[in-house]
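*Asks:* this is the structure alone, sequence omitted:
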């Protein structure tokens, strides 16, 4: 049970951070660029928080194989698979959004084509995550 405590703490932190990011957006203009930015921040923070969880579970190896197996047993549960898909989705989204930002910064007509870049990024994310989610969730589905 003690090994699940960091997961609970980080889940609460993600919820608090999500409120800190999303709450100002609700009072501001609701443009796709703002939501793309907020989702990028949330994806980046989620990736970093998972990195801390991952480092915590890897330190369980110092206490032996049984402690490590207990620490990673959560990843082998069927109910955890959607969270793994969300993590991969966060990494894919964060990467594609980063490419969009690079194009906006270094490609001269990038600002004029911002809407096209948002749509293209969304299509790329769906094209990458559709098959990936199916492959990752297939053992739990079948």
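*Replies:* Here it is on my side, so go on. Note that the structure is a prediction, hence the values are computed from the model and not measured. Numbering: from 1, shown residues only.

*Asks:* so what's the residue nearest the centre of the chain up against?
*Replies:* The chain has residue 90 as the residue nearest its centroid, 2.6 Å off, counting by CA atoms, centre = their mean. Counting by CB atoms under 8 Å, 6 or more residues apart in numbering, residue 90 makes contact with 42-44, 46-47. C-beta here means a position set from N, CA and C on the backbone, and glycine is covered the same way.

*Asks:* what is the most widely separated pair among these?
*Replies:* 42 and 47 (9.7 Å; CB to CB).

*Asks:* more neighbours, those two?
*Replies:* Each of residue 42 and residue 47 has its neighbours counted (other CB atoms under 10 Å); residue 42 has more, 19 against 14.

*Asks:* mind checking what secondary structure residue 96 has?
*Replies:* Following DSSP: H, G, I helix; E, B strand; the rest coil, we place residue 96 in the helix state.

*Asks:* confidence score at the nearest residue to it once chain neighbours are set aside?
*Replies:* Spatially, and ignoring its direct neighbours in sequence, residue 96 is nearest to residue 121 (4.8 Å; CB to CB, 6 or more residues apart in numbering). On pLDDT, residue 121 comes in at 91.

*Asks:* surely residue 121 and residue 95 touch.
*Replies:* No: with contact defined as CB atoms under 8 Å, residue 121 and residue 95 do not form a contacting pair (9.9 Å).

*Asks:* neighbour-wise, which of those two wins?
*Replies:* Higher neighbour count among residue 121 and residue 95: residue 121, with 18 against 15, using other CB under 10 Å.
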